[in-house]
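Visitor: Sequence first, then the predicted structure, then my questions.
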Amino acid sequence: MEAIETKVDKKDPQYLENYGRMEAMVARLNEDLRIAREVRSEKALARLAEQSKLPVRKRLELLLDKNTPVLEIAPLAAYDMYDKGVHGAGSVVVIGVIHGREVLITASDPTIKGGTIYPMGVKKALRCQTIAMENRLPLISLVDSGGAYLPLQSEVFPDSDDGGRIFYNQAIISKMGIPQITAVMGLCTAGAAYIPAMSDEVVHVKGTGAIFLGGPPLVRAATGEVVTAEELGGADLHCRDSGVSDYWAEDDAHALQIIRDIVQGLPDPGKSRLSTRPPRPPLYDPKELYGIVPRSLSTLYDIREVIARIVDGSEFLEFKALFGPTLVCGWTYIHGYPVGILGNYGVLFSNSALKATQFIEICDKRGIPLIFLQNITGYIIGREYERGGITKDGHKMVNAVATATVPKFTVIVGASFGAGNYGMCGRGYSPRFLWMWPNAQIGVMGGEQAANVLISVKNDQLAREGQPPLAEEMVKAIKEPIIAMAEKEGNAYYSTANLWDDGILDPAKTRDVLGLAISASLNGPIHSGPQGHGLFRM
């Protein structure tokens with residue numbers, strides 16, 4: 001396997017301009033992440049101290065093994081939503097290590113609206129459960145929540161993918177034999193009470209932890225009974241009388257130690273095996289990615305330069321290098337794990353779609369995880385290409401992506417438009433994880449293209465009516481808001497706020513994040529179901 005020989009000139013003015021722009025975007029990302037993790041109101045922090053509770057990230061620090069890697073999921077969920085203060089959609093979700101075993105932890109943040117659950121909080125919880133099911137990760141919940149945020153209850157409660165689905169999933173996770181462990185560290189009210197009730201084992205903190213379907217105010221209003229939270233659902237009641245809780249904890253630190261002890265006693269199911277080799281760093285500095293990615297999404301760049309900075313030794317065995325050159329496919333290693341990579345180098349033609357289909361099938365047969373590096377405006381269009389069968393050839397690629405049973409991972413490194421998003425394993429095609437770079441954009445098409453399509457349709461309509469085409473002022477009036485809307489709703493922050501991805505990545509950290517994700521995926525089987533595919537139209 002030969003190393004990719006870079007053609008990047010680090011003294012080129014364009015490289016330096018690109019570098020500065022991406023560096024600024026990463027600086028903004030790091031500041032936004034800092035705010036999401038650290039900025040809380042004085043009132044909320046004082047309330048936490050008054051209750052002798054630990055901050056959510058201190059809880060995670062005590063729970064996880066020291067000096068082990070942590071992969072946080074959707075840290076900027078609900079970004080810029082609600083009153084711009086529901087950081088991370090009100091919870092912290094991480095994949096981390098306890099006694100050498102990878103687990104998924106979801107932790108309420110009581111300093112954000114008392115841990116109440118917003119609509120995006122429900123969506124994040126469901127995403128968390130999907131990750132646990134797909135990767136067979138033990139699920140640990142640190143609950144400190146006042147239940148649903150009632151002013152938005154219609155967006156939290158009734159639908160098939162709303163709050164009730166959380167408890168449905170808990171039943172399915174239990175049926176799958178995936179351990180579920182819950183620590184009740186604060187209020188566990190209304191629907192949230194079912195989280196411990198449907199878990200395998202429950203740790204309950206005295207004094208602060210309380211489980212009840214209806215809290216003291218509701219009980220008083222409904223029955224006239226006056227009762228404290230501790231009397232209604234505290235640790236003593238649920239450990240001694242109801243049996244809802246299994247372990248009585250003196251405080252947060254004690255509860256977290258009990259969870260560590262429980263995890264240590266879990267049977268080791270073993271991890272799936274790949275033909276690994278000792279990991280090696282890339283030949284080139286991953287931060288050089290800053291200068292490689294151009295300012296404009298319409299500027300083509302060689303995806304091999306990206307691959308060279310995320311794979312072991314920058315080595316890459318390219319598949320069908322001379323055929324379908326607008327899609328680069330090949331085999332390599334990331335942190336010692338074998339992977340097949342598909343990366344865009346232009347629009348998808350029939351030959352590139354067919355190459356992808358064959359490559360995906362080979363990887364699926366051999367049990368090699370797939371990585372998709374998306375920078376795609378879509379499949380080629382036009383009469384010549386329709387005559388050549390681009391629709392059915394694109395279908396073959398989409399079919400292969402959908403039915404591949406090996407772990408799939410997607411990083412949107414640039415554009416992600418139209419059916420190209422589907423063919424390159426967008427969210428709808430169930431990659432185990434999907435991330436975006438700060439420069440990435442996603443949508444049916446770019447804003448400029450969308451505006452031009454609408455103007456063209458309007459001019460065609462005017463021509464049929466015997467009227468002149470739109471005046472320049474009208475064209476401008478139509479285009480500007482469409483482009484502005486596309487830029488707002490297609491950027492990486494809008495995507496991550498809505499949980500269309502699992503987070504925005506510093507490009508230089510892509511390699512390490514992929515390594516952690518591949519390792520987590522090996523807690524489940526290599527193949528998620530029976531191999532094979534549906535009908536390929538010929």
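Guide: Great, that's in hand.

Visitor: Every contact and neighbour count from this point should use C-alpha atoms.
Guide: Noted.

Visitor: Identify all contacting residues around the helix or strand that residue 480 is a member of.
Guide: Per DSSP states H and E, residue 480 falls inside helix 472-490. Residues outside helix 472-490 that contact it (Cα atoms under 8 Å, 6 or more residues apart in numbering): 441-443, 446-448, 450-452, 455, 494-495.

Visitor: if you go through the stretch 351-500 of the chain in chain order, where are the helices?
Guide: Assigned by DSSP state H, counting those that start in this stretch, the stretch 351-500 of the chain shows helices spanning 383-387, 390-403, 418-423, 447-464, 472-490, 492-497.

Visitor: who's in contact with the first one?
Guide: So that's helix 383-387. Residues from elsewhere that reach helix 383-387, judged by Cα under 8 Å, 6+ apart: residue 350.

Visitor: in stretch 78-96, what's buried?
Guide: 78-79, 85-96 (16 or more other Cα atoms under 10 Å).

Visitor: And stretch 296-307, by the same measure?
Guide: Residues 297, 301-307 are the ones in stretch 296-307 that count as buried (16+ other Cα under 10 Å).

Visitor: just curious, which of those residues is nearest to residue 181?
Guide: Of all these, residue 181 sits closest to residue 307, with 39.0 Å by Cα to Cα.

Visitor: Run through the residues that contact the nearest residue to the closest one once chain neighbours are set aside.
Guide: Ranked by Cα to Cα, 6 or more residues apart in numbering and with sequence neighbours excluded, the top spatial neighbour of residue 307 is residue 314, at 7.2 Å. Contact analysis of residue 314 by Cα under 8 Å, 6+ apart lists 3-4, 281-284, 307-308.

Visitor: And the pLDDT at the residue of the chain positioned farthest from its centre?
Guide: No residue in the chain sits farther from the centre than residue 466, which is 51.0 Å out by Cα atoms, centre = their mean. Per-residue pLDDT puts residue 466 at 93.

Visitor: Now the phi/psi pair for it, please.
Guide: The phi and psi values for residue 466, taken as degrees, to the nearest 10, are phi 70, psi 20.

Visitor: Can you tell me how far it is from residue 459?
Guide: Per Cα to Cα, to the nearest Å, residue 466 is found 10 Å from residue 459.

Visitor: contact partners of stretch 375-382?
Guide: So stretch 375-382 is contacted by 343-349, 390, 394, 412-421, 445 (Cα under 8 Å, 6+ apart).

Visitor: what's the span of that stretch, first residue to last?
Guide: Using Cα to Cα, one end of stretch 375-382 lies 21 Å from the other.

Visitor: where does the stretch 351-500 of the chain have low pLDDT?
Guide: Of all residues in the stretch 351-500 of the chain, none has pLDDT under 70.

Visitor: Any buried residues in stretch 468-488, and which?
Guide: 469, 478-479, 482-483, 486-487.

Visitor: can you dump the C-alpha coordinates of that stretch into CSV?
Guide: C-alpha atoms of stretch 468-488 as CSV (Å, rounded to 0.1, in the frame of the first residue of the first chain):
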residue,chain,number,x,y,z
PRO,A,468,-41.2,39.7,-21.2
PRO,A,469,-38.8,38.0,-18.7
LEU,A,470,-38.3,39.3,-15.2
ALA,A,471,-36.6,42.7,-14.8
GLU,A,472,-33.2,42.8,-13.1
GLU,A,473,-34.6,44.4,-10.0
MET,A,474,-37.2,41.6,-9.7
VAL,A,475,-34.5,38.9,-10.2
LYS,A,476,-32.5,40.4,-7.4
ALA,A,477,-35.5,40.7,-5.2
ILE,A,478,-36.2,37.0,-5.7
LYS,A,479,-32.6,35.7,-5.4
GLU,A,480,-31.4,37.6,-2.3
PRO,A,481,-33.9,36.1,0.2
ILE,A,482,-33.6,32.6,-1.2
ILE,A,483,-29.8,32.7,-1.0
ALA,A,484,-30.0,34.1,2.5
MET,A,485,-32.4,31.5,3.6
ALA,A,486,-30.3,28.7,2.1
GLU,A,487,-27.2,30.0,3.9
LYS,A,488,-29.0,30.1,7.2
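
Visitor: what's the strand or helix carrying residue 262 packed up against?
Guide: Under the criterion of DSSP H and E, residue 262 resides in helix 252-265. Secondary-structure packing of helix 252-265 (3 or more Cα pairs under 8 Å, 6 or more residues apart in numbering; DSSP states H and E): helix 56-63, strand 91-98, strand 180-189, strand 201-205, strand 247-249.

Visitor: how about TSV for those, with distance to residue 159 and mean pLDDT added?
Guide: Shown next, in TSV, are the helices and strands packed on helix 252-265 (distance: least, Cα to Cα, whole Å; pLDDT from 0 to 100):
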stretch	distance to residue 159	mean pLDDT
helix 56-63	29	98
strand 91-98	21	98
strand 180-189	20	95
strand 201-205	28	98
strand 247-249	34	98
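
Visitor: for those, which one sits closest to residue 534?
Guide: strand 91-98 (33.8 Å).

Visitor: Okay, angle between the closest one and helix 252-265 too, please.
Guide: Compare the direction of strand 91-98 with that of helix 252-265 by axes from the mean of the first three to the mean of the last three Cα atoms, to 10 degrees and you get 50 degrees.

Visitor: Strand partners (parallel or antiparallel) of the helix or strand just after strand 91-98?
Guide: Once strand 91-98 ends, the next helix or strand along the chain (criterion: DSSP H and E) is strand 101-108. Applying DSSP bridges to the sheet, strand 101-108 is found paired with strand 91-98 (antiparallel), strand 139-145 (parallel).
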